[in-house]
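**Student:** only geometry, no sequence info:
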């Protein structure tokens, strides 16, 4: 198989070279990209601080596939298995509720020490880490409001939690030598049409101003803010809309998070990247797959993922875009979900890098739309798969669907024995 992979790669290189595409250089570039893989796929967004708490904040995980992680050790083992099947070195995206500590601690009192085992593990595995305050699934979020809550005491709790989270993120960045992106998302909103749309947004703005008041070293921590269109229980109005956070992020030099599932069904974030890049210093991208709504399905190689890859590559936006995944599916093997979603995201970037970008741009500039269309269509059948196979083999991970047998073996030997 390895000989065939190498032979196919050499043949593909010749085809791409005819259009001035250096495939070896493409793979070197691809190897520099880090995908932030979200920990919450592994345990259905339960965390370890209060696992019996019902999911709130418009979050719903469906399915009961066996083998969900129930301890930090199990979750880290599952993440290791997934990373062993994905080419490259990447990052882990952690929510605050995944603190690994025997100490009983509230969200607003979390400190870096409560995540030291995660940091030590990341160092051992050569991984970076990103972070998120957890503003849901808590007694003080049950009515659907956190940073914009009209009760000052409850609002204070969530402000302090977000402030603590930023310091944890900065600690991750300092310890691991890779900048941590700390992303603030809150579920605040009304189920029905509100009488006052402005006041909650004023409270949210004031709360965020306080959360971000302390300057942190940007080499260690970058702040991001994430919008949402609607959620379960906030169908009529979400305080942190796209317009709100785009304005706040641009005014306050924060990364603006674009989540693929957080817009109207006919909107796509691929079409927003170029515009936002002209005004924002950086972008956080959450790659997900909405199915009629923000349902967070496992990322597949669909048209929108391919377009996202094209926009990032053709606009030279990879240097200012932080790419993370955000989906949770309990209807299939959770490790397989990570592998499928992450490999597809990397594949989409590879496909984009192998397009004849300069030739397409030249044809467009000259008004030669015939050539633009012809090249676009012909390159859809160019052998990017042969390049991907070689990249996997070069990185010591399974080629094509060979990874599935590893996951099935792990399921039999590890996952199905949990809780027995």
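**Tutor:** Received, thanks. From a predicted model like this one, the values you see are computed outputs, not experimental measurements. Numbering: from 1, shown residues only.

**Student:** ok, which stretches of the protein are helices?
**Tutor:** Under the criterion DSSP state H, the chain contains helices at 2-17, 23-30, 72-83, 116-125, 152-176, 198-211, 242-252, 270-277, 303-314, 334-353, 357-365, 369-378, 384-394, 403-413.

**Student:** Distance to residue 146 added to these, as JSON lines?
**Tutor:** C-betas here are computed from N, CA, C, even on glycine. Shown next, in JSON lines, are these (distance: least, C-beta to C-beta, whole Å):
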{"stretch": "helix 2-17", "distance to residue 146": "50"}
{"stretch": "helix 23-30", "distance to residue 146": "38"}
{"stretch": "helix 72-83", "distance to residue 146": "25"}
{"stretch": "helix 116-125", "distance to residue 146": "24"}
{"stretch": "helix 152-176", "distance to residue 146": "4"}
{"stretch": "helix 198-211", "distance to residue 146": "9"}
{"stretch": "helix 242-252", "distance to residue 146": "15"}
{"stretch": "helix 270-277", "distance to residue 146": "25"}
{"stretch": "helix 303-314", "distance to residue 146": "29"}
{"stretch": "helix 334-353", "distance to residue 146": "27"}
{"stretch": "helix 357-365", "distance to residue 146": "43"}
{"stretch": "helix 369-378", "distance to residue 146": "45"}
{"stretch": "helix 384-394", "distance to residue 146": "42"}
{"stretch": "helix 403-413", "distance to residue 146": "36"}
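
**Student:** Looking at those helices, which is nearest to residue 66?
**Tutor:** Minimum separation from residue 66 across those (C-beta to C-beta) falls at helix 403-413, 8.2 Å.

**Student:** buried sites along that closest one?
**Tutor:** Judged by neighbour count using 16 or more other C-beta atoms under 10 Å, the buried positions of helix 403-413 are 403, 406-407, 410-411.

**Student:** any idea how far the residue nearest to the spatial centre of the chain lies from residue 40?
**Tutor:** In the chain, the centroid-proximal residue (C-alpha atoms, centre = their mean) is residue 324; its distance is 2.1 Å. Applying C-beta to C-beta, to the nearest Å, the value for residue 324 to residue 40 is 11 Å.

**Student:** Of all the helices of the chain, which one is nearest residue 105?
**Tutor:** Using C-beta to C-beta, these put helix 152-176 closest to residue 105, at 10.1 Å.

**Student:** hang on, the earlier thing: leaving out chain neighbours, which residue sits closest to the residue nearest to the centre of the chain?
**Tutor:** Of all residues not flanking residue 324 in the chain, residue 36 sits nearest, at 3.6 Å (C-beta to C-beta, 6 or more residues apart in numbering).

**Student:** And the one you found, how far from residue 179?
**Tutor:** For residue 36 relative to residue 179 (C-beta to C-beta), the value is 11 Å.

**Student:** More neighbours: these two, which one.
**Tutor:** Between residue 36 and residue 179, counting by other C-beta atoms under 10 Å, residue 36 is the more crowded of the two (27 against 20).

**Student:** ranking the helices of the chain by burial, who's on top?
**Tutor:** helix 334-353 (a mean of 24; mean count of other C-beta atoms under 10 Å).

**Student:** Quick one: residues contacting the residue nearest to residue 324.
**Tutor:** Residues in contact with residue 36 (C-beta atoms under 8 Å, 6 or more residues apart in numbering) are 90-93, 128, 130, 181, 322-325.

**Student:** now it, which residues is it bridged with?
**Tutor:** Beta-bridge partners for residue 36, by DSSP bridges, are residue 91, residue 324.

**Student:** Show the pLDDT at it.
**Tutor:** Predicted confidence (pLDDT) for residue 36: 98.

**Student:** Kindly report the same for residue 235.
**Tutor:** Confidence at residue 235, expressed as pLDDT, is 89.

**Student:** mind listing what the closest residue to it other than its chain neighbours touches?
**Tutor:** Using C-beta to C-beta, 6+ apart and skipping the chain neighbours, the partner closest in space to residue 235 is residue 191 (5.9 Å). Taking C-beta under 8 Å, 6+ apart, we find residue 191 in contact with 144, 233-236.

**Student:** Among the contacts of residue 36, which one lies nearest to residue 150?
**Tutor:** residue 181 (30.0 Å).

**Student:** ok, that closest one to residue 63 distance?
**Tutor:** According to C-beta to C-beta, residue 181 and residue 63 sit 29 Å apart.

**Student:** quick one, which of those two is more surrounded?
**Tutor:** Taking other C-beta under 10 Å, residue 181 and residue 63 do not tie; residue 181 has more neighbours (26 against 12).

**Student:** residues in contact with the more buried one?
**Tutor:** 36, 130-131, 169, 221-224, 255, 284, 322, 324.

**Student:** Kindly report the same for residue 223.
**Tutor:** Contacts of residue 223 (C-beta under 8 Å, 6+ apart): 166, 181-184, 212, 216, 254-255.

**Student:** Same question for residue 63.
**Tutor:** Per C-beta under 8 Å, 6+ apart, neighbours of residue 63: 329-332.
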